[in-house]
Every structure is written in C-alpha cells, then in structure tokens.
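J.: Dropping the sequence and predicted coords here.
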Amino acid sequence: MFTSRHLARRRFVLPAKRYTHHVSQFRSVTESDLAHFSKILPSSAILSTLSSASTPASELEPFNNDWMNKYHGKSTTVLKPRTTSEVSEIVKWCNEHKIAVVPQGGNTGLVGGGVPIEDELVISLANMSNIRSFDDASGILVADAGCVLQSLSDYLVPFNHIIPLDLGAKGSCHIGGNVSTNAGGLRLLRYGSLHGSVLGLEVVLPNGTILDQLTALRKDNTGYDLKQLFIGAEGTLGIVTGVSILASSAPQASNNAMLALPHFDNVLPLYKEVKRQLSEILSAFEFIDRRAYDLAVKHGQGRALEPADVEGAECFVLVETSGSNREHDEEKLNNLLTSLMEADTPLINTGVLATSPAQFNSLWAIREGLTESVGKEGKAYKYDISIPLHKFQEVIDITREHIRAKGLLHENAVKHVLGYGHVGDGNLHLNIVANAYTPEIEAALEPFVYELVASYKGSISAEHGIGFMKTHALHYSKNAESIKWMKKIKDLFDPNGIMNPGKF
C-alpha cells in the first residue's frame, strides 16, 4: 500500500602517473611579486607564506586541498580580489612573468580542477560576491562570479524566481565555478544546462584583457557566441568574473515521492510512464541503488521508508513535480501513484509521498546527502559518467565483479561499489568506496572504467569536468581531431599556458 508519513582525513599521495602535467616551466611567486600585488590588493586580501608577516601554512590548506582530501597542492600564495579590474591587473602581471594561475571558487569540485598541482598562484573569487542587477520582468540576473549559489537562490525568493540550477553543494559552490564546470545538478531534466540559461559572461583572459560579454539579452545573433567557450572550460581559457543568467519563475507547487522498485529493469519503463502521466510538471527523476540508499540511512540522512517496506527493493527512485497549480499537480501525482500500485504487474513495490514541506525536504535530503554518506563510509573513487539509461545497473555490476576478480572486494580494500544519478539526463555517479586510496585500487579501476564507458559510446565526465583527475583519459570520449582543436583553442587564448595548467 502507498503510504504517507512524517520523515523524520588521511592524506593520499597520488601515483606518479598522475603527475604527467608539470608546471615547473613557470616561475614561482616571489616576495617582489607580493610587493606588486600589494599595490593592487589590501593586505587582508593577500595570504602568503612568503611575506615578512607570513601567513600560517594552515590558512592556505583550504585552498591547496580539495574537500575530499584527495588532491593536494603546494601554493604559497592566495589572492582574493574584489573587482574584475583587480583580477585583470593580477593576471596581466602573472602572464608577463610566467606565473601559473589557478582560479578558485568554492572548491567543491570532485576532479581536482580547482586546486593547484604544485605552487601555482591561487586566485580566489570569494570576495567577488555582489549581485549587480536583477530584472524581475525578464528574469535576468547579473552577479559576480563569487556569489554562492544558495545566496543567489535566497535573493530571488522575494521575486518569485529561482536559479535554474540546484546542487548538493549549493551552500558552498560559486556561480562562477558552476559556469566554469558547466555543472548539471538535480533539475537539469526541467531547466536544461547552463549552456542554455547563461546569457552572458565577463571573463578576464590570460593576458589580463577583460572580455565583456555580459549581455542581458535573450536573443543576440551577431557572430560567434564566445561565451560558450568558457562554459565548461574549467578556468583554462580565462577567469569568469561575472555571470548573466536567466532565472526561472519559481514553481507555486512542488511535491515529491520516493518509490521502491523490485528490479532495476523497472526503472526505464517507470521513467516512461512518469513522463507520460506527469508531462510538463516533472522536474526530477533520480535513481538510487540499494547500497547507496542503505548508506544514507546508516549515516543519518533520513529514512524514507520503514525497514519492512524496503524488503525486496533493489533500487529507489525520487520523483519531483513542480508546477503552478497545487490541486492540479497533486491530482496528477496521486493518479500516477494509484495507477502504478494497481497495475497488473506493478513497477514499484511501495513508496512514500511527501505531504508537507518538511517531508519534501527530508526526501531530498536523502538524495542530496549521498555524497556525504559515501564520504563517511570511506574513501570514494567517483566516476561521473554518461551512459545509456538501461546500462546503469550493468555498469555498477560489471565494475563490482571486476573488483571482486582482482581480489579487492573486502573490508580492507573496496567495501562497496554503488551508483546513483540523474535518469533524466543519463548521468550515473559510479562510486567505489574503499577503506583507503591506494595505487592498487586505482590501477584496478583505471583505465577499466573509462574503457567500459567508451564501449557504450558514453562520456567519462557528465557534469564534474575533467580537472586533474581525467586529463589522461580524455581520448576515451573525444577523438584525436577534437582534442587537436581543443589544444588550438587553448593555445590561441593562453599562449603562455599560465591558466590552470595541467587541467583539461
């Protein structure tokens, strides 16, 4: 029966093969450079272990290390400009003096794209957090790149608009970083990618030139759409300092349901049926395999269903609706759930429908808390891949059996192989949860996972980017001609190669 109820660091040294991109051809930051930067920025915006009033190295750790504690840099200096002109002056100096630069937003990435490899200069956009303008008639928002995604969402609430992007890291990630990685998120099914919603960008090029493409126009067919080059470029072509984005009207009614499925084979027919019945109000359709769900429960992310209700469930699906008429939307969702439960051959075992804002948030907390749960369980090797929908479980199972065949599937090595992701856009988050990061486990996974993805003509990066993690694996998703032209574009914009070297 369908029910409704109240829902209640160890350091890892990467194998040598990872360091195929050296930044030794660049000059390290010196005290004379700091003297120049002090003419541009106040002392409070300069963190350096080189200066006479040396910053403690511990204060640079959040900039040198990713949040998973997997990638580690050795930067001596972090600059925190407040304006685009300050970024421009800094980058111009660095280009002239061959100092490598790493642009950094909220540092919430998963592929090491926002941390230095060696001692590059880190330019943090954290102090660039002003909202420049918002037109509540057109829905166009213009903001500094350092604005936190959640802050932008909160700002738009009184105007009945929302940012067309929602991520688990929304409380920390920056809109500039979201654009630079072409972040996908939980509701791409409804709102599409940033390639469509971003209207314009302001970018500081590697020579310090400010490229002002910060248009507030929805239609502009005058020549090449240059902003598209920077969306997903991961800071390798320039530093995004301003973003013009089309905010969406806030839904007046939202609801969700967590469904338990007996078999993964039911996910695709369920998705088709949900799309058919919910149509325009469907905003998310998220897949969670049984191991991922169990970890979420284990590590305190909530419990959507009672233990008896999840018996026999192989996986779960979170369905969300967003519309303008609550009665209309609830009727459609209830009709869907009734038809699913009364079918001659039901696609679901059971489920829970949110009946209050608290329940709605609790169900989303399970999905959004999966990354945190995996992190609490162990050290995660994360593969963000695009593959055909019907192959999600097959990829998880093949990877698990491969690890088992290598003798690594046990508590002291790999504890879990699990998956979750966005069914609406074919994006699977394959997680291999280990007791520790080790070269042996990495060697078992790579290039195996990339070869497996390539066999399905998939992508090795659906939304996380290439960063430092996947530079050596780009050829599994891009052919030689495509990579050649990507290199030509990089050389055109950044002939000295100073911008986020060793990435992409």
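T.: Perfect, I can see it now. Numbering: from 1, shown residues only.

J.: Show the backbone phi and psi for K503.
T.: Torsion angles at K503 (phi, psi; degrees, to the nearest 10) stand at phi -120, psi 150.

J.: Tell me the pLDDT of it.
T.: The predicted structure scores K503 at 92 on the pLDDT scale.

J.: E463 too?
T.: What the model reports as pLDDT for E463 is 89.

J.: Also the one 3 residues further on?
T.: Per-residue confidence for I466 comes out at a pLDDT of 93.

J.: Repeat that for G184.
T.: At G184, the model reports a pLDDT of 87.

J.: Which residue is the nearest non-sequential neighbour of it?
T.: By the measure of CB to CB, 6 or more residues apart in numbering, the closest residue to G184 outside its immediate chain neighbours is E463, 3.5 Å from it. The way it works is simple: take the backbone N, C-alpha and C, and place the C-beta from them, glycine included.

J.: quick one, what contacts F493?
T.: Residues near F493 by CB atoms under 8 Å, 6 or more residues apart in numbering: 205-206, 229, 237-238, 499.

J.: any idea which of those residues is closest to L186?
T.: Minimum separation from L186 among these (CB to CB) is found for L229, which lies at 26.1 Å.

J.: Assign a three-state SS to the closest residue to the closest one other than its chain neighbours, would you?
T.: Closest residue in space to L229, ignoring its immediate chain neighbours: L237 at 6.1 Å, by CB to CB, 6+ apart. Look at L237: counting by DSSP: H, G, I helix; E, B strand; the rest coil, its state is coil.

J.: Tell me how many other residues surround L237.
T.: Neighbour count for L237, taken as other CB atoms under 10 Å: 22.

J.: quick revisit: same list as before, the contacts of F493 that is, but in JSON lines and with pLDDT and distance to L110 included.
T.: Formatted as JSON lines, those follow (pLDDT from 0 to 100; distance: CB to CB, whole Å):
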{"residue": "L205", "pLDDT": "98", "distance to L110": "27"}
{"residue": "P206", "pLDDT": "98", "distance to L110": "25"}
{"residue": "L229", "pLDDT": "97", "distance to L110": "23"}
{"residue": "L237", "pLDDT": "98", "distance to L110": "21"}
{"residue": "G238", "pLDDT": "98", "distance to L110": "22"}
{"residue": "M499", "pLDDT": "98", "distance to L110": "21"}
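
J.: Helices of the stretch 101-250 of the chain, start to end?
T.: With helices called from DSSP state H, counting those that start in this stretch, the stretch 101-250 of the chain shows them at 149-156, 175-181, 188-191, 194-197, 227-230.

J.: Take those and write them to TSV, including distance to D384 and mean neighbour count.
T.: Formatted as TSV, the entries for the helices of the stretch 101-250 of the chain read as follows, by distance: least, CB to CB, whole Å; neighbours: other CB atoms under 10 Å:
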stretch	distance to D384	mean neighbour count
helix 149-156	18	19
helix 175-181	11	29
helix 188-191	13	20
helix 194-197	16	16
helix 227-230	20	20
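
J.: so how many other residues sit close to T55?
T.: Summarising burial for T55: neighbours were counted as other CB under 10 Å, giving 16.

J.: which residues does the residue nearest to it when sequence neighbours are not counted contact?
T.: Leaving aside its chain neighbours, T55 sits nearest to L47 (4.6 Å; criterion: CB to CB, 6+ apart). Counting by CB under 8 Å, 6+ apart, L47 touches 55, 59-60, 63, 77-80.

J.: my guess is L47 is in a strand, correct?
T.: Yes. Inclusion of L47 in a strand is indicated when three-state DSSP is applied.

J.: and it, what pLDDT?
T.: In the prediction, the pLDDT value recorded for L47 is 96.

J.: L167 now?
T.: Among the per-residue scores, L167 shows a pLDDT of 87.

J.: What of the one 3 residues further on?
T.: Here the pLDDT value assigned to K170 is 92.

J.: Any idea how many residues pack against it?
T.: 21.

J.: so how far is N361 from it?
T.: 13 Å (CB to CB, to the nearest Å).

J.: What of M341?
T.: Applying CB to CB, one obtains 25 Å for the distance of M341 from N361.

J.: cool, and V102?
T.: From V102 over to N361 (counting by CB to CB), the distance is 35 Å.

J.: Comparing these two, which shows the higher neighbour count?
T.: Neighbours around V102 and N361, counted as other CB under 10 Å, are more numerous at V102. The numbers are 28 against 14.

J.: was I right about that one contacting E234?
T.: No. Proximity of V102 to E234 does not meet the contact threshold set by CB atoms under 8 Å, at 10.4 Å.

J.: Quick check: neighbours shared by these two?
T.: Taking CB under 8 Å, 6+ apart as the contact criterion, the residues that touch both V102 and E234 are N500.

J.: on that earlier part again, okay, the contacts of L47 in TSV with pLDDT and distance to G312 next?
T.: Putting these into TSV (pLDDT from 0 to 100; distance: CB to CB, whole Å) gives the following:
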residue	pLDDT	distance to G312
T55	93	56
E59	95	52
L60	96	51
F63	97	48
T77	97	57
V78	98	52
L79	98	56
K80	98	53
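
J.: about what we covered before: list the contacts for the residue nearest to L229?
T.: Contacts of L237 were listed using CB under 8 Å, 6+ apart, and they are 203, 205-206, 229-230, 489-490, 493-494, 499.

J.: mind checking how far it is from E377?
T.: Taken as CB to CB, the spacing of L237 relative to E377 amounts to 37 Å.

J.: G458 too?
T.: If you measure G458 against E377 using CB to CB, the figure is 26 Å.

J.: Over to P206?
T.: Here P206 is placed at a distance of 41 Å from E377 (CB to CB).

J.: Near D384, how many other residues are there?
T.: By other CB under 10 Å, neighbour count at D384 equals 22.

J.: mind listing the helices for the stretch 401-504 of the chain?
T.: Counting by DSSP H, counting those that start in this stretch, the stretch 401-504 of the chain forms helices over residues 439-445, 448-455, 480-493, given from the N-terminal end onward.

J.: Let me have these in a markdown table, adding mean pLDDT and distance to S248 as columns.
T.: As requested, those are exported to a markdown table (pLDDT from 0 to 100; distance: least, CB to CB, whole Å):
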| stretch | mean pLDDT | distance to S248 |
| --- | --- | --- |
| helix 439-445 | 97 | 38 |
| helix 448-455 | 97 | 32 |
| helix 480-493 | 97 | 31 |
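
J.: Among those, single out whichever gets nearest to V157.
T.: With CB to CB, the closest approach to V157 among these belongs to helix 480-493: 37.5 Å.

J.: follow-up on the earlier one: could the helices of the stretch 101-250 of the chain go into a markdown table alongside distance to T84?
T.: Compiled in a markdown table, the helices of the stretch 101-250 of the chain are given as follows (distance: least, CB to CB, whole Å):
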| stretch | distance to T84 |
| --- | --- |
| helix 149-156 | 18 |
| helix 175-181 | 11 |
| helix 188-191 | 27 |
| helix 194-197 | 20 |
| helix 227-230 | 14 |
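
J.: Which one of those has the poorest average confidence?
T.: Taking the mean pLDDT of each of the helices of the stretch 101-250 of the chain, the lowest value is held by helix 188-191, a mean of 89.

J.: ok, T77 - contacts?
T.: Taking CB under 8 Å, 6+ apart as the definition of contact, the neighbours of T77 are 29, 33-34, 37, 46-50, 121-122.
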